[in-house]
Every structure is written in structure tokens, then in C-alpha cells.
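Trainee: Attaching a predicted model along with its sequence, questions to come.
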Amino acid sequence: MSQFDIIHENQNNFAKSNLNYLKGMFGATDVMPLWIADMDFEIAKPIQEALQTLVTRNMYAYEFNTDEVFKAIADWNLKCHQLKLNPKSFIQVSGVLTGIGVLIRELTEKGDGILVQTPVYHQFFKVIESAGRKVIHNKLKVVAGQYQMDFEDMERKLKTLNIKAILLCNPHNPVGRVWTKQELQKLVDLTNKYNVTIISDEIHSGIVYSKSQFNSIASLTNSDNHIAVLGSPAKTFGMQSISNGYLYIPNKETHKQVKNTIGSLYLDHGNILSANATIAAYTKGEEWLDDLLAYLEKTMHWIENFMQKELPEVTLFKPEGTYQIWLDFSKLNLSDAALKHLVVHQAKLALTPGDWFESSHTQFMRMNVASPLAKIQQAFHQLKKAVDAGVDCSFNQNANTNDCCSC
Ligand SMILES: Cc1ncc(COP(=O)(O)O)c(C=O)c1O
């Protein structure tokens, strides 16, 4: 039995299983929570030990460890991605979204456009709009069953709209693409041509499966380019609530400008629990991560087989990276309300609604599969049972009658 097979009780304080959240988001509490992108696994032993050392010490004087953190991140990138990073180009931030919020404010003006490739992580809309900038949608297109960047649409928009930055998500949440070198190079060429900054959110870069290879935008650019990379050990090592984020800005002037602002707001203080957990993760977490990736690949394989045989009506976009799967339910021919009813009230699953990531994706849902395989299997059996049964009679009286059974 693998350590990842152990089923841990869901805690009411966890956002994903908090009853008030579930009720508010899904209108039900008796659902399996597979919506938030965090793991149902215990963190790696070396991270546990680093935290326990601090907790048993019981002293929390001012203590900063950023140089060691940056060295650990740089060493990790060299080892895992053959990417040489300059430890002097990092800036610590309290989280990736904080970093994006600061970058948008520092590198663009109010009213400027920021391009995002939709469907995309829904907080991107908030972080852009709350800074008074405009979200410019560059929809991904599906070609032969795979999501791809639409460079023609991107160039048209870069040429005609007042776009100052692209907020890239690599690996992409929710569609699971790990962008290839060629795709990223095209993106870099276009942004150079139109003098646009790339803000690259690489928070999912540790979860990449064996057939794909992660390439940071930093590997295709140099200090003359306008790029900023954001990362964090949160997703890779399941450290969501004890994680800091970091920025990597190779251009010296931009680095200085952003660092000054972050320093003036004291957003770079961090805390020693996160710092030492990060160091432990990046220096001693590799073996655990290898085991996790093997486990997740096995889970993906099971899902793919099951869906082919038992749920052919639902289309799976198998991820190259991230522990989320993107499901298309449109072949079921249900109204949006009927689909929601089927998934939430019949299959008893809390999945992330696709329209959070782009408004037209009402027939899509994202499922987090970083859970013991037995739980994922149960979720799929529940889904199959509901799909086979069709929308039941308890479905809201006002619904389109075509969606319901004949009763
Ligand atoms: C693409 C992406 N960026 C950022 C975050 C959140 O990062 P943080 O909690 O460090 O702000 C998430 C969380 O799901 C994410 O998927």
C-alpha cells in the first residue's frame, strides 16, 4: 500500500470541505469535495520534520532565511529543469496571486489590457480587474482533442488593443497543458514584436507527467526581455496554507522597481515556517515527489480506462501537468441546470464549474484528482451511476422538461 492510498478525514476547516462553503457554492453538503486545487495527502516527511523542529523549539524571534530559500529554488530548477537561475533575481512574496497583483500594478497602467488564455484559473480575472486593468480573452482552441494557443487571435489583439502584459499559466490550469518550447518561443517572439511583458505563473510546474517536459519562460529569454516568473512549492508539495511565493525577474531595472515596491509594503517578510518548509521541500522532497507523480500517473491511467469503457459520453482532457482533469459533459445534451443537478445531487460530487474559468464553458467541469485512488474510483462510479440513470425526477420543476425523465 502506498502512502498516498491512506484516506485522511476531511477537516471542516479546509476550504474544500467546509460545510458553509459547500452549501454556498453547490447548494449541498453531502458531496465529495474535488473542486479546490489542493491535495488530500500528507506532506513529505522532510517537510514535516522541518516544521516539527520549529514547533518544538517554541521560539519565534525575527528570523529570515530568504537567501537559503532562493538558493534551494535555484538548485531545484537546475536539477529538475536544467534551468540556471540567478539567486539575485528572486523576490519573496506572500503568495503567487499577491505577486501577480503587484506586477500588474507596477508594470502596467490603469485601463491597460492584460491578455489571458481562457479558460483559465478564475482568480486571474479578479487580480486583473481589481487593479483597474482590462481582461483581454485569447481563447485557447481545441485541435485534434488538444488545447492549443491561438496565435492568430493573439497577434490581432496585440496589434489592435492596448495590451501591456500577457498573464501566462504554465502548466495551464484548468486544461492541463504543459506548453512546449515551440509554443513558448512563438509567444516570446510575439511579445517582443509588440513590446508586451510576459507574467508567467508557473505554480504548477512541479506536477508534470512523464510524457511532457516543463519549460519555464525564463529558459527562453534573457535579462533584456520583459518577463516575470512566479512560483511556489504550494501545489508541488501540498503546502497551500504554509507556502510563500516567489518572483523571478531577470531584468535588473524591473527587478529593482518591483523589489522596492514589495519591500515598501513589507510583503517580502514571509515567515520562518514557510521558509524552512520550502527549503526542506526543494532540498529533500524529490523522492516523495517522484512517488507522488508515479501515483498520479497511475490514477490518470485508471481514469482514462474507466472513462473509455464506462463513461464514453463524457470527454476527458488528459492533463500533461497539474493534478486536475478537465471534463466536457456536452455530449450528454443536458441543460446547464440539469448537468449541475446530475453532478451535485445525483453523483454527489463537488467539481469546479467550467464557467468559473470562462463564461461559455458551462458544460465543463474541473476535477481535482490528488486524492487516494479509492476515492477517485468511488467518485467515478457515482458519476457513472448518475449518467446511466439520467436526470432524476427531483430535478427542479422549472427546468426544461426535455432534460427530465417522463415523470
Ligand atoms: C495558476 C494558479 N496560480 C496561483 C494560485 C494560487 O497561488 P497562491 O495561493 O500562492 O496565491 C493557484 C491556486 O490554485 C493557481 O492554480
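Mentor: In hand now; what should we look at? Numbering: from 1, shown residues only.
Trainee: check contacts around Leu167.
Mentor: By C-beta atoms under 8 Å, 6 or more residues apart in numbering, Leu167 lies in contact with 100, 104, 114-116, 124, 128, 199, 201. For every residue, glycine as well, the C-beta is placed using N, CA and C.
Trainee: Check those one by one and keep those near the ligand.
Mentor: By C-beta under 6 Å from any ligand atom, the members of the contacts of Leu167 lying near the ligand are Asp201.
Trainee: most neighbours, which of the contacts of Leu167?
Mentor: Asp201 (29 neighbours; other C-beta atoms under 10 Å).
Trainee: What is the neighbour count of Ala15?
Mentor: 15.
Trainee: about what we covered before: okay, and which of the contacts of Leu167 map to helices?
Mentor: Those of the contacts of Leu167 mapping onto helices are 100, 104, 124, 128, per DSSP state H.
Trainee: Tell me which two of the residues you listed sit farthest apart.
Mentor: Largest separation among the ones in helices among the contacts of Leu167 by C-beta to C-beta: Ile104 and Phe124, giving 10.1 Å.
Trainee: re the thing from before, nearest to Ser212 among the ones in helices among the contacts of Leu167?
Mentor: Phe124 (22.3 Å).
Trainee: I figured the closest one hits Val116, correct?
Mentor: Yes: applying C-beta atoms under 8 Å as the test, Phe124 and Val116 come out as touching, 5.2 Å apart.
Trainee: Which neighbours do these two have in common?
Mentor: 135, 167, 169.
Trainee: which phi and psi does the first one have?
Mentor: According to degrees, to the nearest 10, the main-chain angles of Val135 amount to phi -80, psi 120.
Trainee: Name the nearest residue to it, sequence neighbours excluded.
Mentor: Ile128 (5.0 Å; C-beta to C-beta, 6 or more residues apart in numbering).
Trainee: quick one on the thing from earlier: of the ones in helices among the contacts of Leu167, just say which sits nearest to Glu9.
Mentor: Phe124 (32.5 Å).
Trainee: Next, find the distance separating the closest one from Ala370.
Mentor: According to C-beta to C-beta, to the nearest Å, Phe124 stands 21 Å off from Ala370.
Trainee: care to break this structure down by domain?
Mentor: What automatic domain parsing lists as the domains of the chain is 3-43+287-403, 46-284.
Trainee: Just put those in CSV and tack on mean pLDDT.
Mentor: Output for the domains of the chain, formatted as CSV (pLDDT from 0 to 100):
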stretch, mean pLDDT
domain 3-43+287-403, 94
domain 46-284, 96
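Trainee: Look at the residue most central in space within the chain and give its secondary structure.
Mentor: In the chain, the C-alpha nearest the mean C-alpha coordinate belongs to Asn173, at 4.4 Å (C-alpha atoms, centre = their mean). Per DSSP: H, G, I helix; E, B strand; the rest coil, the local secondary structure of Asn173 is coil.
Trainee: Help me confirm that it comes into contact with Pro119.
Mentor: No: Asn173 lies out of contact with Pro119 (C-beta under 8 Å); the separation is 9.2 Å.
Trainee: same for the helix or strand Glu152 falls within, what does it pack against?
Mentor: Using DSSP states H and E, Glu152 maps to helix 151-160. Under the contact criterion of 3 or more C-beta pairs under 8 Å, 6 or more residues apart in numbering; DSSP states H and E, helix 151-160 touches strand 113-116, helix 181-193.
Trainee: I'd guess Arg366 is in a helix, am I close?
Mentor: No: under three-state DSSP, Arg366 sits outside any helix and is assigned strand.
Trainee: That one - how many residues pack around it?
Mentor: If we define neighbours as other C-beta under 10 Å, then Arg366 has 27 of them.
Trainee: Thought Ile272 was touching Glu63, still the case?
Mentor: Yes: contact status for Glu63 versus Ile272: in contact at 4.6 Å, counting by C-beta under 8 Å.
Trainee: Looking only at neighbour counts, state which of the two leads.
Mentor: Shown here are Glu63 and Ile272; by other C-beta under 10 Å, Ile272 has more neighbours (16 against 11).
Trainee: got a list of what the more buried one touches?
Mentor: Contacts of Ile272 (C-beta under 8 Å, 6+ apart): 54, 60, 63-65.
Trainee: out of those, who's near the ligand?
Mentor: Applying C-beta under 6 Å from any ligand atom to the contacts of Ile272, none is adjacent to the ligand.
Trainee: and the stretch 201-350 of the chain, which of its residues are near the ligand?
Mentor: 201, 203, 232, 234, 245.
Trainee: and the gap between the last one and Ile73?
Mentor: With distances defined as C-beta to C-beta, the gap from Gly245 to Ile73 amounts to 11 Å.
Trainee: Neighbour count for the two, which is higher?
Mentor: A count of neighbours by other C-beta under 10 Å puts Gly245 above the other of Gly245 and Ile73, at 25 against 22.
Trainee: That one contacts Gly101, doesn't it?
Mentor: No: Gly245 is beyond contact range of Gly101, at 11.1 Å (criterion: C-beta under 8 Å).
Trainee: could you dump the contacts of Leu167 to TSV with distance to Thr278?
Mentor: Putting the contacts of Leu167 into TSV (distance: C-beta to C-beta, whole Å) gives the following:
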residue	distance to Thr278
Ile100	19
Ile104	24
Ile114	28
Leu115	30
Val116	27
Phe124	24
Ile128	27
Ile199	21
Asp201	18
